[in-house]
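Visitor: Prediction below, plus the sequence it came from.
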Amino acid sequence: MSGRVGKRALITGITGQDGSYLTELLVSKGYEVHGVLRRASLFNTDRIDHLYHDPHQVRPSVLLHYGDLADGASLRHVLETVQPDEIYNLGAQSHVRVSFQIPEYTADVAGLGTLRMLEALREHAERSGRHVRYYQAGSSEMFGAAAPPQSENTPFHPRSPYGVSKAAAHWYSINYREAYGLFICNGILFNHESPRRGETFVTRKVTRAATRIKLGLQDKLYLGNLDARRDWGFAGDYVAAMWLMLQHEVPDDFVIATGTSHTVREFVELTFDQVGLDWSKYVEFDPRYLRPAEVDFLEGDASKARSILRWEPTVGFNELVRMMVESDLELARQERTLINAGHNAPERGRATVRQV
Ligand code: NAP
Ligand code: GDD
């Protein structure tokens, strides 16, 4: 490891939406950031490429290590190599609908994967005597059918293999904190979005589609349940909460949410309004996007985080939609320019036909 004086962080899920914003935040605070990268046949580092420098050329602040939450040996090896001060366990198969299609894999990565990471941490802490702080990426999906507003005191009633796996990860984390005295925090984060959101989550699916329809690149948008309510915040605000939890004197669990909620239909209306289109002419129902069990209403009560961590969301619902629409309009314009110049539409433009 380099002789850097700042802290060292290890992030699983560094290539995901939250991993990229968290990496930016930690680098801005002088951290050396190490990420666990899973092997893929195509490059999967788009979201962090702007932060990554060729280690042959400059002293890097971001370094990547191959590993996988399904492979405990790789996690132990990365932990021993990096010797981090803080661990952020963000890696997961994070798509709720997909978790009904690949439940065992989802449980293996989101549930057991957390246990593998915690065991690696326990062994490392015992052997080295080092004090490492650990953040676990929990989810409002754990609340499932529990009535809103949901807080740290609301009992879990998960409604998907993903939600059940996250609830297991939450309790594994509490168990390791109580049993071994480790500094472990559970964040219970409500939905958070951004221009970097995966294109099969509903918000990004909608902003991509509306902007592509606007530029004549797509005709229709197919959606499932428009009545579900979610408490949508901005991912950049939520990674700040993760960091704040690990700076607190004692390890604890915190709900992170805006405290306001909207239906999927309201998100669709506002998005299409922003590009000057009437949504009802373009949006069609497709039952394949329904879930075998739905989570109807999530709205968080983050008063504990507001009072203890002094955490506040800075981006409201309208601003979030505007930010995502602006970014996707620019992508659609680039796509249009390529097509006008006689090139095929880029691969990502086909996301609309993927069945999730
Ligand atoms: P995301 O964009 O789907 O990113 C997931 C990350 O996990 C990616 O880096 C992915 O790698 C990695 N990953 C997947 N399988 C893995 C495996 N077997 N081993 C190691 N890494 C693996 O998710 P996100 O929105 O950033 O969310 C971050 C975390 O917070 C997740 O655990 C999610 O479940 C949780 N969470 C998210 C929200 C939300 O609204 N965004 C709310 C509550 C909780 P690839 O890039 O290679 O796929
Ligand atoms: N993805 C998707 N696609 N969702 C749709 C669609 C569609 O075509 N049509 C309607 N929806 C509804 C879903 O049924 C759900 O009620 C809501 O839109 C939100 O779906 P997602 O954006 O896929 O998010 P999620 O709430 O299921 O899960 C996200 O938030 C969790 C926190 O509560 C994910 O980021 C999870 O990883 C995260 O833990």
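Guide: Structure's in. What do you need? Because the structure is a prediction, the values reported are computed rather than measured. Ligands and ions are numbered 1, 2, ... in the order given.

Visitor: what about residue 34, which SS state?
Guide: Following DSSP: H, G, I helix; E, B strand; the rest coil, we place residue 34 in the strand state.

Visitor: From ligand 1, how far off is the residue in the stretch 151-300 of the chain that ligand 2 sits nearest to?
Guide: Distance from ligand 2 to each residue of the stretch 151-300 of the chain (C-beta to the nearest ligand atom) is smallest for residue 228, at 3.0 Å. C-beta coordinates here come from the backbone N, C-alpha and C atoms, glycine included. Computed as C-beta to the nearest ligand atom, to the nearest Å, the residue 228 to ligand 1 distance reads 14 Å.

Visitor: cool, and residue 201?
Guide: Counting by C-beta to the nearest ligand atom, the gap from residue 201 to ligand 1 is 7 Å.

Visitor: and that residue, what is it in contact with?
Guide: Each residue near residue 201 by C-beta atoms under 8 Å, 6 or more residues apart in numbering is listed here: 95, 193.

Visitor: Equivalent analysis for residue 206, please.
Guide: Residues in contact with residue 206 (C-beta under 8 Å, 6+ apart) are 221, 223, 267, 268, 271.

Visitor: any idea which element the fourth one lies in?
Guide: Taking DSSP states H and E as the criterion, the element that holds residue 268 is helix 264-274.

Visitor: and that helix, what's its mean pLDDT?
Guide: Taken as a whole, helix 264-274 has an average pLDDT of 98.

Visitor: ok, and the closest non-adjacent residue to the residue of the stretch 151-300 of the chain closest to ligand 2?
Guide: Nearest-residue entry for residue 228: residue 264, 5.3 Å, with adjacent residues in sequence omitted and distances by C-beta to C-beta, 6 or more residues apart in numbering.

Visitor: in the chain, which spans are strands?
Guide: For the chain, the strands defined by DSSP state E cover 8-12, 32-37, 62-66, 86-89, 133-139, 183-189, 192-193, 221-223, 229-230, 233-234, 253-256, 262-263, 283-285.

Visitor: And the residue of the stretch 151-300 of the chain closest to ligand 2, how close does it get to residue 101?
Guide: Relative to residue 101, residue 228 is positioned 19 Å away (C-beta to C-beta, to the nearest Å).

Visitor: who has more neighbours, those two?
Guide: Legend: neighbour count by other C-beta atoms under 10 Å for residue 228 and residue 101, higher for residue 228 (19 against 12).

Visitor: Return the residues in contact with that one.
Guide: When contacts are counted by C-beta under 8 Å, 6+ apart, residue 228 touches 263, 264, 294, 295, 296, 297.
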